[in-house]
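Chemist: Sequence and computational prediction follow.
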Amino acid sequence: MDADTTDQSSGTSAGQSLWSKSARKFRRDRFGLASLAIVGLYAVVALGVWLGLWGQGWSTLGEESFAGVSGEHWFGTNLNGQDIFQRAIAGTKTAFEVGLLVAVVSTLIGGFLGAIAGFYSGTWIDEVIMWLYGCIDAIPFYLFVAAIAFALEGFPYAMHVAMITTFWSSTCRIVRGEVIKIRSLEYIQAAHAIGVKPMTIILRHVSPNTFHILLVQGTIAFVGAIKSEVILTFLGLGVKEGVSWGRMLTESTQDVLRGHFGNFLAASIFLFILVIAFNMFADALQDATDPKKISS
Amino acid sequence: METLQYTIRKLIYSIPLLFGVTLIAFTLMVYFGPDLTDSILGKNPTAEQIADVRSELGYDAPFFVRYFMFLKEVVTFDFGSSMSSGEDVRSILARTVPVSFAVALPAFILSNLLGVGLALLAAYHRGGFWDKFVMVFAVVGMSVSYLMIVIAFQIIFSTSYGLNWFPVQGWIDPPPDYPDATFFEIAYYYWYNYWLYVTVPTLASIFVALGYNTRFFRAVIVEELNRDYVRTARAYGIGNGTIMLKHVLKNALIPIATRIIISLPFVIIAGNLLLEKFFGIPGVGLVTYDAITNGDLPVVKAVVTSTAILYVFALILTDIAYKVIDPRITYSK
């Protein structure tokens, strides 16, 4: 994708693509770098759980329920005597599973449909895609998830499907607007003139110029997905097997009334730090990749 | 006359949207939804009974026939009775919508007012200390999970580990039967109990909504501040505060009002599943939550469809309101 964008950023000195300029701008953003480091750390933790390096003891039943904080149990144990810290670590993997899957798939769908709608704006194709996201946006998110859960009764990925079918619409809207602008640029007219097929123009020449939008929208979708997981799990529509921060917070609603704060604190801290790092990363990314701000 | 034409056009163009929304609701919840035959008939039905119920529910009919049966339910607003309690869905909604409205209203008003206020403060001091302070606060607000805030506020305000000022959960009981209670005593009873149960949920939802609102409103106001008329006004020597309140805010009101009006149906009808479930408030949210967990299709169907339709009408209403406010807006496609 570097090659493509380099071609189009004419006017900049040779060898300097928009991406390398963005990267340089991002490197100067201290908050952006710090938040990226935190996100990276979480990613390593999640990868380690996935590879079986740590956090494997989350389901081991212990002797003592609601044990206090100790060297062995950093956040104490829960009702079943399971180590809360291990569960929070293992929950990181679940969060990344949900976040990555939803962010990647919904952003790709939104980016693709947005590019098509923008490219064909004014035709029935655009109308149909706009109609589709108009309908999706009209149904409240949690109720939409409930409706999907009804349709896919017992399907463990109902939550993921629901998030993907709702999250693509915002990406689609933004990409569509951008593509309408790109469409009228000279190099696209030139491509038309030499007879490049419309689909090739969309995929090879238009889409690469929306990658910065997709990147930012992807991080926003990631945050949305892990935050929604918590609420949906509490409502009984989310993660049903394994461990997640949503399940820990749901357990903690009973615990805190009896004065046990381990579950609540562990899940809250893990979730809050990841989400705030991701939000700051998304902001920094948006600043760094906005072409209007770079080329000036 | 022109406004009327505009209104009719808007209404006609909303038909595909209404059609799509009902089609989605129907496909997900009715067509691919649960088979209700068993739960209606109970144990050991005869084959004949099964066939009767199935044809009555339309399970043997083709897709579009069933869709039209569903549309008829929507148009007459007759979604049948709840599977678990047998109560008519209409009377369930009539009972619960006011409760949800009462719970959501204070937070809805305050989080929007505070959001506009903080956004004005941040935009006025753009790049300065107050801007950064407000925006950091907004990012923190956006990053906390709703569930986490609700639990934290419950610990702080409603348990003996914190201030213990409010009940843990619940809703207003009917007043005790004093033989000679005056109107004011009863009114005071309701007023007092209302705030007793509504304060903590309100604080929690303001906390969660404020970050998003402030950020959105600030972006709108800052964009407005960059326009030429602001520069002109400055050149005329009009004070910054006056420009902000009299000109910028006035022009920024359209996107702000859109956001507020569009969120209304979600706030009122959909209720707030999380808040009402957590605090045991008997509004639409709690009823919907119970219906989702019990697979009570008529209730979920009614709530989803009516919220979506109200949303479409809210969209049309905002468009028409702008047309009335600002006659320059014309129908352009």
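Modeler: Perfect, I can see it now.

Chemist: didn't A:G114 look like it was pressed against A:T210?
Modeler: Yes. Counting by C-beta atoms under 8 Å, A:G114 touches A:T210, with 7.4 Å between them. C-beta here means a position set from N, CA and C on the backbone, and glycine is covered the same way.

Chemist: list the residues that contact both of those two?
Modeler: Both A:G114 and A:T210 are in contact with A:V175, A:E178, A:V179, where contact means C-beta atoms under 8 Å, 6 or more residues apart in numbering or on different chains.

Chemist: who's in contact with the residue nearest to the second one when sequence neighbours are not counted?
Modeler: Which is A:E178. Nearest non-adjacent residue to A:E178, counting by C-beta to C-beta, 6 or more residues apart in numbering or on different chains: A:T210, 5.4 Å away. By C-beta under 8 Å, 6+ apart, the contact set of A:T210 is A:G111, A:G114, A:A115, A:V175, A:E178, A:V179, A:I182.

Chemist: What separation do you get for the second one and A:L132?
Modeler: Distance from A:G114 to A:L132, counting by C-beta to C-beta, to the nearest Å: 11 Å.

Chemist: the more surrounded of those two?
Modeler: Taking neighbours as other C-beta atoms under 10 Å in any protein chain shown, A:G114 and A:L132 compare with A:G114 leading, 31 against 17.

Chemist: Pull the contacting residues for the more buried one.
Modeler: A:G114 is in contact with A:I129, A:T171, A:C172, A:R173, A:I174, A:V175, A:R176, A:E178, A:V179, A:T210, counting by C-beta under 8 Å, 6+ apart.

Chemist: one more time with 7 Å
Modeler: Counting by C-beta atoms under 7 Å, 6 or more residues apart in numbering or on different chains, A:G114 touches A:T171, A:C172, A:R173, A:I174, A:V175, A:R176, A:V179.

Chemist: While we're on the closest residue to A:S70 other than its chain neighbours, how confident is the model there?
Modeler: For A:S70, ignoring the flanking residues on the chain, the nearest one in space by C-beta to C-beta, 6+ apart is A:G76 at 7.6 Å. Looking at A:G76, its pLDDT is 79.

Chemist: So what does A:G76 look like in phi/psi?
Modeler: The phi/psi pair for A:G76 (degrees, to the nearest 10) reads phi 80, psi -170.

Chemist: From B:E276, how far out is A:G32?
Modeler: 39 Å.

Chemist: whoops, B:S84 was the one
Modeler: Relative to B:E276, B:S84 is positioned 17 Å away (C-beta to C-beta).

Chemist: which of these two has more neighbours?
Modeler: Ranked by neighbour count (other C-beta under 10 Å), B:S84 and B:E276 place B:E276 first, with 26 against 15.

Chemist: surely that one meets B:D290?
Modeler: No. The pair B:E276 and B:D290 fails to qualify as a contact (C-beta atoms under 7 Å) at a distance of 10.2 Å.

Chemist: What helices and strands are in contact with the helix or strand hosting B:F70?
Modeler: Using DSSP states H and E, B:F70 sits within helix B:63-76. On a contact count with 3 or more C-beta pairs under 7 Å, 6 or more residues apart in numbering or on different chains; DSSP states H and E, helix B:63-76 meets helix B:2-25.

Chemist: Could you pull out the buried residues of the next helix or strand after the helix it packs on?
Modeler: Proceeding N to C from helix B:2-25, the next assigned helix or strand is helix B:37-41, under DSSP H and E. Buried residues in helix B:37-41, counting neighbours by 16 or more other C-beta atoms under 10 Å in any protein chain shown, are found at B:T37.

Chemist: so, in contact with chain A or not, helix B:37-41?
Modeler: No. Against chain A, helix B:37-41 shows no contacts by C-beta under 7 Å from any C-beta of the partner chain, the least distance being 13.4 Å.

Chemist: Give me the mean pLDDT for that helix.
Modeler: Helix B:37-41 carries an average pLDDT of 71.

Chemist: Equivalent analysis for stretch A:152-171, please.
Modeler: pLDDT averaged over stretch A:152-171 gives 88.

Chemist: next one: it to chain centre, how far?
Modeler: 13 Å (C-alpha atoms, centre = their mean, to the nearest Å).

Chemist: So what touches it?
Modeler: Stretch A:152-171 is contacted by residues A:98, A:101-102, A:105-107, A:109-111, A:113-114, A:133, A:136-137, A:141, A:144-145, A:148-149, A:214, A:217, A:221, A:224-225, A:228, A:232, A:237-238, A:240-241, B:34 when judged by C-beta under 7 Å, 6+ apart.
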